[in-house]
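Peer 1: Can you look at this prediction? I've put the sequence above it.
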Amino acid sequence: MTTRLELRTAVRRRLEDTGGSPLWDDAALNDFLAEAMRRYGVRFPKELSTTVNVVAGATSAVVTPALTAGQVVRIFDDVGQPIPRQQAIEPDAALSGLVTAQAWRWWGSTLVLAQPAAATATWQIDYLGGRTLPTDDVTAVDVDDGDEDIVVLLAAATALRRRAIEDGKRGAGRGAGNGPIAVSADVCRNEAERLIAARRRRARGGWTATG
């Protein structure tokens, strides 16, 4: 279990800011970690499920939490059968009318059905959700095992980039935005991207064994 405190400590080590008078206070590092978690969640969203009560005869149902169409992966009815996503409304030549198979589409945060629900039932919606940083230092952080370095590097990159911008605004040297601190920020960001790419390759390739 990794906590916010452990991630913050790792960021301080990465920034070499572990002395008695740190450059970044805890609140600032927490903000950088929260941003890093949001970015990490975009790259590696969490697989989640929710339920919705579909009323007999209804052609729509509001879903909580509010989801976007891009988040929804699949929907199952009350007996576990998948309901297909509606691709288009096309005429059925044999019936001289519209197709009657049940399907779904998304509008706003509402599940819209191609046909009225046959019965009142609870359906399951599988979706991809974001990741957030806990607001305390003891709750487990929602990060997959082995991905902690990605979050730490993203947070460190943000800290360094903002510091470089602040130095530039204060006139702490010509080209401060492209100076050593900015270069260090790029190093952290590039290392994070390398780890992200490696993680995706592992996910696509799966496990291999050698004799």
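Peer 2: Great, that's in hand.
Peer 1: Give me the most central residue, the chain.
Peer 2: G41 (2.4 Å; Cα atoms, centre = their mean).
Peer 1: What are the contacting residues of the helix or strand it falls within?
Peer 2: Using DSSP states H and E, G41 maps to helix 26-43. With Cβ atoms under 8 Å, 6 or more residues apart in numbering as the test, helix 26-43 has contacts from 4, 7-8, 11-12, 24, 129-133, 141-143, 147, 150-152, 154-156, 158-159, 162, 196. Placement of C-beta: from N, CA and C, glycine included.
Peer 1: Name the residues of it that are buried.
Peer 2: For helix 26-43, burial by neighbour count (16 or more other Cβ atoms under 10 Å) applies to L29, N30, D31, F32, L33, A34, A36, M37, R39, Y40, G41.
Peer 1: do the same with stretch 73-93
Peer 2: Per 16+ other Cβ under 10 Å, stretch 73-93 contains these buried residues: I75, D77, I83, Q86.
Peer 1: same deal with stretch 125-144?
Peer 2: Applying 16+ other Cβ under 10 Å to stretch 125-144 flags I125, Y127, L128, G129, R131, L133, P134, V141, D142, V143 as buried.
Peer 1: Can I get those residues in CSV including pLDDT and secondary structure?
Peer 2: Formatted as CSV, the buried residues of stretch 125-144 follow (pLDDT from 0 to 100; DSSP: H, G, I helix; E, B strand; the rest coil):
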residue, pLDDT, secondary structure
I125, 98, strand
Y127, 97, strand
L128, 97, strand
G129, 96, strand
R131, 96, coil
L133, 97, coil
P134, 97, coil
V141, 97, coil
D142, 96, coil
V143, 96, coil
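Peer 1: For A209, give me the pLDDT.
Peer 2: At A209 the predicted local distance difference test score is 36.
Peer 1: What is the longest helix seen in the chain packed up against?
Peer 2: Using DSSP state H to define each element, the chain has its longest helix at helix 180-205. Packed against helix 180-205 by the contact rule (3 or more Cβ pairs under 8 Å, 6 or more residues apart in numbering; DSSP states H and E) you find helix 148-169.
Peer 1: Can you mark which positions in the helix it packs on are buried?
Peer 2: Going by 16+ other Cβ under 10 Å, helix 148-169 has these buried residues: 148, 150-164, 167-168.
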